[in-house]
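Everything below, folded, please.
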Amino acid sequence: MDTPQIVEAIQKGVNTFMETVPPLMKALDEVAKVYPFISATVVAFRAAYTLEKKRRENDKRVLAIYNEMKDMMSILVRLNSVSDPGQIAPDGLTIEERMQKLCEAAAEDIKHCANVCDTYLKKKVLTKVLTAPTWEGKLLRFVGVFAKRREEFELALATSHTTIDADAADLHEVVSTTCLRMDIMLQLFQDYATPRERELVAMVKKLGGSGVLENEQAMEELAAYALAGAHAGPESRQAPQGRPFGFVELQQEIKCDPEEAIEKNAEFFNRKFDIQRRQIVEDIARAVNREGDRIISVVTAGPHDRIFDPDIYKIWREMGWRGSVKSRHFIMALKDYYVEKAVEDSGLLIGEDSWAVKYINIGRARTIMEAFDDDASGFITVNEVNNFTRSRPLDWSLPHWIAYWAIGWQMTCTTYCVKIEEIFDAMIRLAYEVLPENRRGVNLYIASTWHMITVFVQSIKREKGTEDLRTKFESHVTAEEARLRRNFEDLNYISQPGFHQIIIAGEGRIEMTLFPMFYLALKRDLEKISLARKHVLTDHETYESLVTILSIAGAALDRINSLRSIFEQQSLEVKDQFEIFAKGLYKISSVNELVFDGNKLRGLPDPIPCRNEIIPDPDSVPLSILNHPLGKAHEINFAAYDIPEPTLQPVEGTHPMLGVYYGFIYHYRQPADPMLKLTLTAGEGNREFVATGRHYRGSRYRSYTLTGNWGASSEGGKIPVEFKFTYSTKDWANTELKGAYDCDENSIRGTMVMPNCQRSGVFIFKRDPDFVRFYPAPSVINARRRWEFAITSVLDRVRREAWSARYIVKRLKDRKRWMELTIREYYGRNLTRDEGKELYALFPGLYEADAQFYASLISIHLSKTNIFNLIECDKCDSIPGGSRIVCIDPDCRNETTTVDLCSEPECINSTVTFEEADRKKHLPNHGMFKVHRMIFDRDTARIESLAKDALDSVRGTISQLKKDQKPMPECTRCKTTVSLPCWCCVECTGERFICDDCEHKQLAFDGTHTKMHTIVRVSEKGDKKVFTMEERMRLVEDELAKVRETLAKLVEKSTQGSQSEPLTKGDLRAAAIGLSEPTQSEVGTETTESA
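Predicted coordinates for the structure are as follows:
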């Protein structure tokens, strides 16, 4: 073949690959029946093809390699030409003895090729572009591998049978064209590049071509360009809650050795491949062992002759149907056939399957149609009939299998729904018992997965059935659950969005296995949450569990989108169809995707309580179910102070610049973070240095890697220095520094830039931490600042060495204040401009060891505090922490949103207005409940109802006391008489009153009343007053006066401030709070009745 013919053959093979493989597979299956020794190769090829077919997107470069694999496999079809399989060739071997090892080697080649292709396809687009030569070489190697196997197959066939000698003459051509095919395919790989890849190739050329890998700045620009468009093309379903693929991960992927990547991917891919291979073998065995199926002859009289089941064959032939029939007509004919077959003269159903025939009726025709009509087209084809009949259990009759889909599937789904609700109830119980370090991950997992699964659990119409009926289907349900569990275990319960869940479930509609997969994944995750009561789990553990649930739910969403397209093509009302399809399984998710409809939250039935026996004992759960090592508990970092005295001179025997440094990075003329400590050591290259460690930056305690180099000394004796901080995947904080080392003062000074967040500043590092503590920012240094620095440093040293009481008190006060303000960056009232300046002013007073020690205290505090990250206070926009307050007055909320407040008194006692027209303003005397624990959406409506009932009861008690002129109740903590507003516990026995002050200070908790209890705010309720026109005008004038006064203050503040310190969000929010405060007349007159 010449070059044009080879190009045409390759392109045709790629374009028709998916269509040409099924006929080849059919032919290979027939050959394998006669020559079982090729079965391993055929099954491996089918597994590789099936996995590739399931991908959302197919890469033509990979299809080109698979086409070479297909050409190799096509040689095996020639075995049909061997007239006598047992004939002994001149070399004394039979065809089986000669080809056995070749087939086993070919099966391994196929598996290895599939793994390499899978590894390549998982790479990011930019990685593929920058490492194209390496990966193209890896792929093209298989052109030679498969050509060689093909040559060996042809040689074995030629040696075994003389009638194939003519084909053996082509061997020389195969060998001679292999290199040519590889060269041609390398050129075609360029043509097969996607538009996005071509864009990146052009960008690489623009930034310097192949040298871009050595240019860090160009790489960052290229990565930013690539990551910005990462979501523009078809990507796999995104994982929840962040974990973005950042620049550092991109760098690591580019630098990763392909062989290491292939080997690492093989561990997971081999499991996936083996699952697929096992499913194929089981399907073949099921087809071979099916008793009663018809034998299909090669010559057929019509479409009915291709039907395996004798009963359906008879129906199809008698009705005269062709290749397909309308679903309803088919079901009616099926019903009539079995009824006529089972009814005796007396009119009673007889026979072993008489019970099943009862369920083949008009009332259940819809679910039976859906079971046969796999693509929901409204027509049933011969292939769909064969797929349905061959998927039934081996010991079940066809009426038994039809009865399962008529009612058994719905009963099974109902059983799993109950189990799933029980597991969620158990998870929520255990969520309050997990270790503080695990609380955030567990809460996020439960809050997210509950929505993902409840959209299906609460949609499907339930059918309990009878116990006798359940036993008839139990064998299949148990076997199917065992099959899914085995597949899950083979993948360590890890399933990424895409097609992994199809590998677990197998072929067929996702609704067949949706609830069993949810159940098995949740059951495993319940065991992990039980372990979280005793062991610290890493964030990766709960994140991977969350992604597994997302991948299963994502497969259901794909099914929904496919069904929606079919319904629209058939001009059907989509909403109505989803109401009835699969017993309403997709009714809610077809509208809201994976978020349970907020309108229905308050209409949910009471949750099903779990049985105690389903809650695992953490001591009985093996740690082997975890996919990652255990994490570390938060501890007070006393070791931070176990440090040697600072070395003020360079280490002997090393470059003068290397050693330990202390210093600050400055933004806006002040330290951006507490003191940093660097221990610079010699790197691998000439004039290179490195450092690793942890320090406190950006309100987080972060691990970093530092790399840098120094240049030749200048005339002034200074040495130019460049280095960079890299923070794992937190690439936004990566920092580049350029400056000079001054030998005379043992310091490194210069400028810094954070490329990924466009921030810049200056830095200074010295060997003596006391020198840099109060040193002014280099950008603002002058004689006056130097004098202030000298005075402050000397006074601090004198007081520190004297350990005066004043110094100790101030030290403790400053560090406590630093912790308080830092915690406010996680939750609580947002920092004002003045508080932000105060926080930055505290940094110089902290040594690096102080930052480590107090950061550990902050971490412990945060782990023990419930932070409601998904909620914002409707008054001050802060994230509530410690407790959450929810208004239960129906006037100021809509169906999907609650009014949430933090526990700050000024927010609780404020009026809140909303932009939505259907929401009235929230007033301080509205009914509210408060929780100190995480409440999940499942429980919101129930807690609201309990709070309303408790509030009505308490108000009735107080009203009766006033009527009887009796004193108000006492606060259970301070024993003083309470006054309204106050609080009352919903869950304590009797009415337990707590005054406002004790509750705000959290003094009322004891052995009886705990933070797990819900409390309601009790305030005066009043009637709405109808204002006259004059009163309304007066209120408007008062509000306008407040607006003018507030704007005047803002203008004054903006004119006094500097460009480097503009008005902050906190200033504007404070002004907005002031504007929204009710006037005296409003507070005194306008009230609304609470629920």
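
Over to P776: give its phi and psi.
Backbone torsions of P776, given as degrees, to the nearest 10, read phi -70, psi 160.

again with V690
phi -140, psi 160.

correct me, but it touches L706?
Yes - between V690 and L706 there is a contact under Cβ atoms under 8 Å: 6.3 Å. The C-beta positions use only the backbone N, C-alpha and C, and glycine is treated the same way.

any common contacting residues for these two?
Counting by Cβ atoms under 8 Å, 6 or more residues apart in numbering, the shared contacts of V690 and L706 are L680.

Pick out whichever of the two has more residues nearby.
L706 (20 against 15; other Cβ atoms under 10 Å).

neighbours around the residue lying closest to G881 once chain neighbours are set aside, how many?
Spatial nearest neighbour of G881, chain neighbours left out: Y827 (2.9 Å); criterion: Cβ to Cβ, 6 or more residues apart in numbering. Y827 has 20 neighbours, counted by other Cβ under 10 Å.

Against D877, how distant is Y827?
Noted for Y827: a distance of 12 Å to D877, by Cβ to Cβ, to the nearest Å.

Quick one: the helices in the stretch 1-150 of the chain, in order.
3-15, 17-34, 39-53, 60-74, 95-122, 125-130, 132-160 (DSSP state H, counting those that start in this stretch).

Show me what counts as buried in the last one.
For helix 132-160, burial by neighbour count (16 or more other Cβ atoms under 10 Å) applies to 132, 135-136, 138-140, 142-143, 145-147, 149-154, 156-160.

counting contacts, what elements does it pack onto?
helix 60-74, helix 95-122, helix 165-168, helix 171-191, helix 258-289 (3 or more Cβ pairs under 8 Å, 6 or more residues apart in numbering; DSSP states H and E).

So which elements touch the helix or strand just after the fourth one?
Using DSSP states H and E, the next helix or strand after helix 171-191 towards the C-terminus is helix 195-206. Counting contacts by 3+ Cβ pairs under 8 Å, 6+ apart, the secondary-structure elements packed against helix 195-206 are helix 125-130, helix 216-228.

Could you say which of those helices is packed most deeply?
Among these, helix 125-130 has the highest mean neighbour count (mean count of other Cβ atoms under 10 Å), at a mean of 21.

May I have that one exported as CSV, CA atoms only?
What follows is helix 125-130, C-alpha atoms only, in CSV (Å, rounded to 0.1, in the frame of the first residue of the first chain):
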residue,chain,number,x,y,z
VAL,A,125,-5.3,19.6,28.0
LEU,A,126,-2.2,21.7,28.7
THR,A,127,-0.3,18.7,29.9
LYS,A,128,-1.1,16.9,26.6
VAL,A,129,0.1,19.9,24.6
LEU,A,130,3.4,20.4,26.5
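
any idea of the mean pLDDT for that helix?
For helix 125-130, the per-residue pLDDT values average out at 84.

One more: stretch 962-982?
92.

go on, stretch 261-281?
85.

Just the residues contacting stretch 475-495, thanks.
268, 271-272, 274-275, 393, 395-396, 404, 408, 412, 500-501, 503-506, 513, 516-517, 519-521, 524, 544-545, 547-548, 551-552, 625, 627.

And for stretch 621-636?
Residues from elsewhere that reach stretch 621-636 (Cβ under 8 Å, 6+ apart): 435-437, 492-494, 524, 527-528, 530-531, 535-538, 540-541, 544, 853, 856-857, 859-860, 863.

what's the first-to-last distance across it?
Start and end residues of stretch 621-636 are separated by 29 Å (Cα to Cα, to the nearest Å).

And stretch 181-192, what's buried?
Within stretch 181-192, the residues that count as buried by 16+ other Cβ under 10 Å are 181-182, 184-185, 188-189, 192.

mind pulling up the phi and psi values for F725?
Main-chain dihedrals, F725, degrees, to the nearest 10: phi -90, psi 130.

Near the residue lying closest to it once chain neighbours are set aside, how many residues? Count them for me, please.
Leaving aside its sequence neighbours, F725 sits nearest to T735 (Cβ to Cβ, 6+ apart; 4.3 Å). For T735, the number of neighbouring residues by other Cβ under 10 Å comes to 23.

Quick one: neighbours of G508, just the number.
13.

what would the helices and strands packed on helix 195-206 look like in CSV with distance to T471?
What follows is the helices and strands packed on helix 195-206, written out as CSV (distance: least, Cβ to Cβ, whole Å):
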stretch, distance to T471
helix 125-130, 54
helix 216-228, 56
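
what's the closest of those to L676?
helix 216-228 (21.6 Å; Cβ to Cβ).

Out of the helices of the stretch 1-150 of the chain, which gets nearest to Y445?
Here helix 95-122 is closest among the helices of the stretch 1-150 of the chain (Cβ to Cβ), at 24.7 Å.

Give me the buried stretch members for that closest one, please.
Residues of helix 95-122 classed as buried: 95, 98-99, 102-103, 106-107, 109-120 (neighbour count, 16+ other Cβ under 10 Å).

ok, now how distant is S545 from L585?
To L585, S545 is 23 Å away according to Cβ to Cβ.

ditto for D606
22 Å.

Then Y493?
Separation of Y493 from L585 (Cβ to Cβ): 24 Å.

Give me the more crowded residue out of the two.
Ranked by neighbour count (other Cβ under 10 Å), Y493 and L585 place L585 first, with 25 against 21.

ok, the more buried one touching R509?
No - taking contacts as Cβ under 8 Å, L585 lies outside contact range of R509: 10.4 Å.

Which residue ranges of the stretch 651-800 of the chain form strands?
Ranges of strands in the stretch 651-800 of the chain, per DSSP state E, counting those that start in this stretch, are 659-667, 670-671, 676-682, 688-697, 700-710, 719-726, 735-742, 747-754, 759-766.

ah, wrong one, I meant the stretch 901-1050 of the chain
Using DSSP E, counting those that start in this stretch, strands in the stretch 901-1050 of the chain cover 928-931, 982-985, 993-994, 1015-1018.

Which one of the helices of the stretch 1-150 of the chain lies nearest to K813?
Nearest to K813 among those is helix 125-130 (50.9 Å), distances taken as Cβ to Cβ.

Can you give me the neighbour number for the nearest residue to C988 once chain neighbours are set aside?
Nearest non-adjacent residue to C988, counting by Cβ to Cβ, 6+ apart: H1009, 5.4 Å away. For H1009, the neighbour count with other Cβ under 10 Å is 17.

quick one, phi/psi of H1009?
Note on H1009: its backbone torsions stand at phi -100, psi 110 [degrees, to the nearest 10].

for it, what are its contacts?
Contacts of H1009 by Cβ under 8 Å, 6+ apart are 972, 985, 988, 992.
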